[in-house]
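Asker: with the input below, show me the fold.
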Amino acid sequence: MNVSAIGEFIGALFILTGGIMSVISVFGLIRLPDVYTRSHAATKSSTLAVLLTLLGAFVYFWTKDNFISVRLLLGIVFVFLTAPVAGHLLVRAAYRSKVELADISGTDDLYEVLHGDKKEDES
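Answerer: Here you go, the predicted model:
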């Protein structure tokens with residue numbers, strides 16, 4: 001095997017792993033109970049999926065055609081910086097809009113910090 005074939009294999013492996021992470025992200029979006037946990041699944045795993053896919057494309061083109069794509073590198077940096085921030089802002093907007101936690105989510109530790117008193121237990 002030459003270097004080009006090994007690079008193509010590694011690129012394909014990254015792309016395949018990115019596809020598997022996308023499927024895991026979809027399962028998280030379907031199965032999790034509320035907007036907060038769904039946002040976690042959408043942000044973390046899909047960001048990793050996109051990064052792995054772009055990295056696989058970068059490695060493939062680098063080894064196959066000896067071409068370093070600045071656009072792919074900028075896409076990796078852009079997704080890495082913007083997706084977690086967007087997820088955080090969506091969850092923050094949901095919290096400020098008083099979207100309820102699911103029953104199995106546990107306690108709301110942020111309530112004490114923002115309001116200064118303990119939230120009364122409704123059950």
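Asker: every contact and neighbour count from this point should use C-alpha atoms.
Answerer: Fine.
Asker: which is the succeeding secondary structure element to the lengthiest helix in the chain?
Answerer: In the chain, assigned by DSSP state H, the helix with the most residues is helix 35-65. As assigned by DSSP states H and E, the chain's next helix or strand after helix 35-65 is helix 70-96.
Asker: downstream neighbour of that next one in the secondary structure list?
Answerer: helix 109-115.
Asker: by mean pLDDT, flag the weakest helix or strand of this protein.
Answerer: When each helix and strand of the chain is scored by mean pLDDT, DSSP states H and E, helix 109-115 comes last, with a mean of 78.
Asker: show me what stretch 24-42 is in contact with.
Answerer: Contacts with stretch 24-42, where a contact means C-alpha atoms under 8 Å, 6 or more residues apart in numbering, come from Ser45, Ser46, Gly87, Leu90, Val91, Ala94, Leu101, Ala102.
Asker: so who does the last one touch?
Answerer: For Ala102, the residues meeting the contact criterion (C-alpha under 8 Å, 6+ apart) are Pro33, Asp34.
Asker: give me the below-cutoff pLDDT ranges for this structure.
Answerer: Residues of the chain that meet the criterion pLDDT under 70 lie in 118-123.
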